[in-house]
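*Asks:* build me a model:
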Amino acid sequence: MSTKARILEVAAALVAQSPDGDVSTRAVCEAAGVGAPALYRHFGDKAGLLSAVVDHGFDQYLAAKRERTPGTDPVRDLRDGWDTHTDFALRNPSLYRLMNSPAMRTPPAAALESHRILTEDLRRAAARGKLRLAPELAAQMIMSANVGVCLMLVSRPATFDDRTLSRRVRDAVHAAVFVPEVMADPTPGTATAGTATAGTGEAPVPATATRLGALLRQTPSPAFTRAESALLGEWLDRLSNEAPEQP
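*Replies:* Numbers count the residues shown, from 1 in each chain. This next block holds a predicted model:
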């Protein structure tokens, strides 16, 4: 193992053991059996070292996602993806807090890759008429909710001690993102809102616009110029993301 790899492995292990996810460069150097100049030569400073630890954590998180083959049901893939995310956070609480720390001012490339994988799954769902919002907005809603509930679970376990909380939040967010028919088969043991209109046979305008937008992006129509396609996509996104009227 190279000196750089050894320092990184030691730093990641110390972060995992730390109650607040922080480590000192002195502790890392002592545990790795290297001098401070070696650490600074490879990582620049403490911020650079912690950034490398975050990249290492995201690589661990994405390992399974990169290797998976998309299933026949994108909605099931998205439910499983949420649960996998939560499981990783609970198994790596200190690392997870560091991965989502405001101190990490520049998002790691792997974090952007994670968001891209989520968006692609949502685009598959949209192309099948299962999404009621544009995939990009749905991805923002799902990611922010998933990260938020995970941070509460790992940062305030005494208060947020209900292990069904993640699935409850997942189902509530998915009820807002997917068309009602999709939510008719919730995870056993959880209640899912949004099934009252299932089976009406009427597709709401936002869901229809979302599906059409996804299909046109998959297979652009030769009837439109590139500029016209872009404009049509913008109009469809507006319809997809139109906020529901308040009662």
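
*Asks:* list the helices and strands the least confident helix or strand in the chain by mean pLDDT packs on?
*Replies:* Comparing every helix and strand of the chain by mean pLDDT, DSSP states H and E singles out helix 205-218 as the least confident one, with a mean of 78. Counting contacts by 3 or more C-beta pairs under 8 Å, 6 or more residues apart in numbering; DSSP states H and E, helix 205-218 packs against helix 109-127, helix 226-240. Every residue, glycine included, has its C-beta placed from N, CA and C.

*Asks:* residue nearest the centroid of the protein?
*Replies:* Relative to the mean C-alpha position of the chain, the nearest C-alpha, by C-alpha atoms, centre = their mean, is the one of M143, at 4.1 Å.

*Asks:* pretty sure that one contacts T119?
*Replies:* No. Between M143 and T119 no contact is recorded; they are 9.2 Å apart, counting by C-beta atoms under 8 Å.

*Asks:* quick check: nearest residue in space to D59, chain neighbours excluded?
*Replies:* When the adjacent residues along the chain are set aside, D59 lies closest to A110, with 6.0 Å between them (C-beta to C-beta, 6 or more residues apart in numbering).

*Asks:* give me the number of residues near the one you found?
*Replies:* Applying other C-beta atoms under 10 Å, we find 19 residues neighbouring A110.

*Asks:* that older thread, show me how far the least confident helix or strand of the chain is from its chain's centre.
*Replies:* Remark: helix 205-218 is offset 22 Å from the chain centroid, using C-alpha atoms, centre = their mean, to the nearest Å.

*Asks:* so what's the residue count around R163?
*Replies:* A count of nearby residues for R163, using other C-beta under 10 Å, gives 10.

*Asks:* shift numbering so it begins at 203
*Replies:* Happy to do that; since the first residue is 203 now, the last one works out to R365.

*Asks:* for it, which three-state class applies?
*Replies:* Here R365 is coil, with the state taken from DSSP: H, G, I helix; E, B strand; the rest coil.

*Asks:* check what pLDDT it gets.
*Replies:* Confidence at R365, expressed as pLDDT, is 81.

*Asks:* just A265 next, same as before
*Replies:* With respect to pLDDT, A265 scores 82.

*Asks:* I'd like the distance between it and C352.
*Replies:* 18 Å (C-beta to C-beta, to the nearest Å).

*Asks:* now swap in K332 and tell me
*Replies:* Plainly put, K332 is 25 Å away from C352 if you go by C-beta to C-beta.

*Asks:* now the chain, which segments are flagged as low pLDDT?
*Replies:* Residues of the chain meeting the criterion pLDDT under 70: 306-307, 383-405, 445-449.

*Asks:* show me the helices in it, by range?
*Replies:* Remark: helices assigned in the chain by DSSP state H are 205-219, 227-234, 238-245, 248-269, 276-293, 295-301, 311-329, 337-357, 367-379, 407-420, 428-442.

*Asks:* just checking, what packs against the last one?
*Replies:* Counting by 3+ C-beta pairs under 8 Å, 6+ apart, the packing neighbours recorded for helix 428-442 are helix 407-420.

*Asks:* report the angle between the helix it packs on and helix 311-329.
*Replies:* Orientation of helix 407-420 against helix 311-329 (axes from the mean of the first three to the mean of the last three C-alpha atoms, to 10 degrees) gives an angle of 110 degrees.

*Asks:* ok, and for helix 407-420, which residues are buried?
*Replies:* Burial within helix 407-420, assessed by neighbour count using 16 or more other C-beta atoms under 10 Å, is assigned to P408, A409, T410, A411, T412, R413, L414, G415, A416, L418.

*Asks:* stretch 232-242 now?
*Replies:* For stretch 232-242, the buried set under the neighbour-count rule, 16+ other C-beta under 10 Å, comprises A233, A234, V236, A240, L241.

*Asks:* what sits against the residue located most distally from the centre of the chain?
*Replies:* Note on the chain: the largest separation between a C-alpha and the mean C-alpha position, by C-alpha atoms, centre = their mean, falls on G237 (37.4 Å). With contacts defined as C-beta atoms under 8 Å, 6 or more residues apart in numbering, the neighbours of G237 are C231.
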